[in-house]
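Novice: Below is the sequence, then the predicted model.
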Amino acid sequence: MRVDFEPDDNVVFPKEYTPEESPDDFDPGLPNQLLDFVLRSEASKVVDTDIFSVMSKRRSTRKFQQKPVETKKIDKIIAAADTAPTAGNFQGFEIFYIKSPEKKKLLVPACNKQPYVDAPVVLVFCKNPSRVKFDFPEDILKKFAIQDATLAAGYSQLAAQALGLSSIWIGMFDEQKVMEIIGTDLVPSSILCIGYPLQTKFPKPRRNLQELVHVSW
Ligand SMILES: Cc1cc2nc3c(=O)[nH]c(=O)nc-3n(C[C@H](O)[C@H](O)[C@H](O)COP(=O)(O)O)c2cc1C
């Protein structure tokens, strides 16, 4: 069995991922100092700061430009995931930021041959129920972890949209194959593929509220 995480208290950043900028007085001991800094930093001129406008414009994209995504934007997308609520604040999820072009290519067949999985930015969100330290049955912890991972990915998806990017949420994949490729024992919940869209499309239609909302007195 592979060991997924051996956190070292003296190490702040994962191997090969450091946010582009950190505060001058950066103190890893100060909770959320870096997170707040990344979230507030000026990432780009195309940032849409109106959350409702971001929501109303988001549309899944499966064709991306080759243009790489700026590290500052990736920092914000990851930071956004870190702001999501989690059960008991135990943060029962992990993000695998796939930088290897070879691994991205391997993910395509693992995701039902969906070619757009080989996108400029690929984030695999995994459930980590072992972080959820409630004294509840295992199935509850697993349920919390899937909700944690899903919410976090949703926050990242909206952040990507706010940054002028587009994304596609991938739920159709072979869990075992993805775990093998990214090298983890943690089960993935979704894969978020992000980049600059080739075309900007209108949002897809939704049901009317009569079908969606069920009022219960
Ligand atoms: C749980 C879930 C699983 C999804 N899986 C896939 C997938 O494997 N491949 C894909 O191309 N799109 C996938 N999508 C994207 C949906 O097709 C897309 O969100 C939906 O058509 C609505 O379009 P919109 O995102 O533009 O509003 C998935 C979305 C969700 C929420």
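Specialist: Everything's here; your move.
Novice: Need the three-state assignment for residue 203.
Specialist: coil (DSSP: H, G, I helix; E, B strand; the rest coil).
Novice: Can we start the residue count at 20 from this point?
Specialist: All right, first residue 20 from here; so that's residue 222.
Novice: Would you mark the buried spots in the lengthiest helix in the chain?
Specialist: If you go by DSSP state H, the chain has its longest helix at helix 157-181. Buried residues in helix 157-181, defined by neighbour count with 16 or more other CB atoms under 10 Å: 160, 162-181. Every C-beta, even on glycine, is put in place using the N, C-alpha and C of the backbone.
Novice: what's the following helix or strand after it?
Specialist: strand 185-189 (DSSP states H and E).
Novice: Please save the CA atoms from stretch 109-129 in PDB.
Specialist: Provided in PDB are the C-alpha atoms of stretch 109-129 (Å, rounded to 0.1, in the frame of the first residue of the first chain):
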ATOM      1  CA  PHE A 109     -11.600  18.500   8.700                       C
ATOM      2  CA  GLN A 110     -11.000  19.100   5.000                       C
ATOM      3  CA  GLY A 111     -11.700  15.500   4.000                       C
ATOM      4  CA  PHE A 112     -10.300  15.900   0.500                       C
ATOM      5  CA  GLU A 113      -7.000  16.300  -1.400                       C
ATOM      6  CA  ILE A 114      -6.200  18.000  -4.700                       C
ATOM      7  CA  PHE A 115      -3.800  16.400  -7.200                       C
ATOM      8  CA  TYR A 116      -2.500  19.000  -9.500                       C
ATOM      9  CA  ILE A 117      -1.400  17.100 -12.600                       C
ATOM     10  CA  LYS A 118       1.600  18.800 -14.100                       C
ATOM     11  CA  SER A 119       3.100  15.900 -16.000                       C
ATOM     12  CA  PRO A 120       2.000  16.000 -19.700                       C
ATOM     13  CA  GLU A 121       2.500  12.200 -19.800                       C
ATOM     14  CA  LYS A 122       0.100  11.700 -16.900                       C
ATOM     15  CA  LYS A 123      -2.500  14.000 -18.500                       C
ATOM     16  CA  LYS A 124      -2.400  11.900 -21.700                       C
ATOM     17  CA  LEU A 125      -2.800   8.700 -19.600                       C
ATOM     18  CA  LEU A 126      -5.800  10.200 -18.000                       C
ATOM     19  CA  VAL A 127      -7.700  10.400 -21.300                       C
ATOM     20  CA  PRO A 128      -8.200   6.600 -21.700                       C
ATOM     21  CA  ALA A 129      -8.900   6.400 -17.900                       C
END
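Novice: Not counting sequence-adjacent ones, nearest residue to the residue most central in space within the chain?
Specialist: Centroid-nearest residue in the chain: residue 172, 3.8 Å away (criterion: CA atoms, centre = their mean). Leaving aside its sequence neighbours, residue 172 sits nearest to residue 144 (CB to CB, 6 or more residues apart in numbering; 4.4 Å).
Novice: ok, now residue 139?
Specialist: Per CB to CB, 6+ apart, closest to residue 139 is residue 214, 3.8 Å.
Novice: about what we covered before: name the helices or strands packed onto the longest helix of the chain?
Specialist: Judged by 3 or more CB pairs under 8 Å, 6 or more residues apart in numbering; DSSP states H and E, helix 157-181 is in contact with helix 70-76, helix 90-102, strand 112-117, strand 140-146, strand 185-189, strand 207-214.
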